[in-house]
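# Fold the stuff below for me.
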Amino acid sequence: MAIDKLQEKIRKMKNPSMVDFSVDRTAIAPHILEQEGSFMRAYERVSLEVMGALKAIVPAVRFSLGHFSLMGAEGLHMLSKLTGYAKELGYYVLLDVPESYSFSGAEASASALLAAACSYAFDGLVVSAYAGSDALKPYVQRLKDSGKDLFVVLRTANKSAAELQDLLTGSRLVHMAAADIVKRYADALVGRSGYSQVAAIGPASVADVLKKLRGKYQNLFLLVDGYDYANANAKNCSYAFDKLGHGAIVCSGKGIIGAWDTDYYNGEDYLKPVVETAERMKKNLLRYITVL
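All right, here's what the predicted structure looks like:
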């Protein structure tokens, strides 16, 4: 199972962090944009160079199919190239999937992405739970044969998430009701690490959510998203981990890739601040957890 390999990568590197490459133009250093002449060429160059610089530090990377599809055919070709390169470097690769609003939409997406001939190299997919189980079943049905993982969004880190995701429905909050749906699928797909191929996503900005998810759903691997948000911090993230420092990974995007954009750096050697920021994120997380 891929989730077991991810946990092993984290354990060996002593670093439960992930870098999200779905960033906007402002994350790319101006001199790179100028040298390359277009955002797409600059984006590809930065992605390749950052992955090369972080391969010995960070165990996992993340891309968004929707992000690249907005760039057209050239963007999708780039996604295939970048995910393939990430796998060559030994990263665990996570791919966000555009949300499906029906069983047929999820079925079409799952059958294409989890087919052996898929153009993109990845270990896990990210989907939303908010269309109900119809949006999950087609993926879950293919996980065992594919060996891939499925990360399901339960509670996001953005400021307005509470407007819907924290509403009370019966005796449960909406995001906990979504977690109960995910658990029904997760229990049958637990690997040797003690965590399931069906995983969940929670917010780096709300410690109480992570505490509840880890306490109630002990076999759910948790992706802690939104480390770049102003109200997120390493202490919050620590509540997603079990007592061995296992069972979770924390995701940052622009905060690492755009680390050149500070008063301390001159903006020319953009890879140096990228590496230093990734190392600092690791150090901050390990202040609160010990990965055994």
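# Show the contacting residues for Val61.
Met18, Val19, Asp20, Phe21, Met51, Ala86, Tyr91, Tyr92, Val93, Leu94 (CB atoms under 8 Å, 6 or more residues apart in numbering). Any C-beta I mention is one placed from the backbone N, CA and C, and that applies to glycine too.
# One more pass at 10 Å, please.
Applying CB atoms under 10 Å, 6 or more residues apart in numbering to Val61 gives the contacts 18-21, 47, 50-51, 54-55, 82-83, 85-87, 89, 91-95, 122, 251.
# Buried only: go through the residues you listed for me.
Listed as buried from these are 18-21, 47, 50-51, 54, 82-83, 85-87, 91-95, 122, 251; burial here means 16 or more other CB atoms under 10 Å.
# so the nearest residue to Met78 once chain neighbours are set aside, which of the three states?
Closest residue to Met78 apart from its sequence neighbours, by CB to CB, 6 or more residues apart in numbering: Glu44 at 5.4 Å. Under DSSP: H, G, I helix; E, B strand; the rest coil, Glu44 falls in the helix class.
# do you know how far Glu44 is from Glu36?
8 Å (CB to CB, to the nearest Å).
# between the two, which one's more packed in?
Glu44 (19 against 16; other CB atoms under 10 Å).
# any idea how far that one lies from Leu82?
Glu44 is 7 Å from Leu82, by CB to CB.
# Just the element for Pro138, please.
helix 137-146 (DSSP states H and E).
# Just the C-alphas of that helix, formatted as PDB.
Written as PDB, here are the backbone C-alpha positions of helix 137-146 (Å, rounded to 0.1, in the frame of the first residue of the first chain):
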ATOM      1  CA  LYS A 137     -17.300   4.900  -4.000                       C
ATOM      2  CA  PRO A 138     -15.800   4.800  -7.500                       C
ATOM      3  CA  TYR A 139     -12.300   5.600  -6.200                       C
ATOM      4  CA  VAL A 140     -12.500   3.300  -3.100                       C
ATOM      5  CA  GLN A 141     -13.600   0.400  -5.300                       C
ATOM      6  CA  ARG A 142     -10.300   0.700  -7.300                       C
ATOM      7  CA  LEU A 143      -7.900   1.300  -4.400                       C
ATOM      8  CA  LYS A 144      -7.000  -2.200  -3.500                       C
ATOM      9  CA  ASP A 145      -6.100  -3.200  -7.100                       C
ATOM     10  CA  SER A 146      -4.300   0.100  -7.900                       C
END
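# Name the residues of that helix that are buried.
Of the residues in helix 137-146, those buried (16+ other CB under 10 Å) are Pro138, Tyr139, Val140, Arg142, Leu143, Ser146.
# would a markdown table of those residues with distance to Tyr239 be doable?
Converted to a markdown table, these look like this (distance: CB to CB, whole Å):
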| residue | distance to Tyr239 |
| --- | --- |
| Pro138 | 32 |
| Tyr139 | 27 |
| Val140 | 27 |
| Arg142 | 32 |
| Leu143 | 27 |
| Ser146 | 31 |
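# now the strands: where do they sit in the stretch 101-250 of the chain?
124-128, 149-153, 168-169, 172-173, 198-203, 222-225, 248-252 (DSSP state E, counting those that start in this stretch).
# can you redo the ones you listed as a markdown table with distance to Arg11?
Shown next, in a markdown table, are these (distance: least, CB to CB, whole Å):
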| stretch | distance to Arg11 |
| --- | --- |
| strand 124-128 | 17 |
| strand 149-153 | 17 |
| strand 168-169 | 37 |
| strand 172-173 | 32 |
| strand 198-203 | 17 |
| strand 222-225 | 16 |
| strand 248-252 | 11 |
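# Turn these into TSV, columns for distance to Lys159 and mean pLDDT.
Formatted as TSV, the strands of the stretch 101-250 of the chain follow (distance: least, CB to CB, whole Å; pLDDT from 0 to 100):
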stretch	distance to Lys159	mean pLDDT
strand 124-128	18	97
strand 149-153	16	98
strand 168-169	19	94
strand 172-173	17	96
strand 198-203	10	98
strand 222-225	14	98
strand 248-252	18	98
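# Show me where the stretch 1-150 of the chain has its helices.
Applying DSSP state H, counting those that start in this stretch to the stretch 1-150 of the chain gives helices spanning 2-13, 30-36, 39-54, 65-69, 73-88, 103-113, 137-146.
# where are the low-confidence patches of the stretch 101-250 of the chain?
Along the stretch 101-250 of the chain, no part satisfies pLDDT under 70.
# List the contacts of the closest residue to Asp242 other than its chain neighbours.
Nearest non-adjacent residue to Asp242, counting by CB to CB, 6+ apart: Arg214, 6.9 Å away. By CB under 10 Å, 6+ apart, the contact set of Arg214 is Gly202, Leu220, Leu222, Ser238, Tyr239, Ala240, Phe241, Asp242, Gly247, Ala248.
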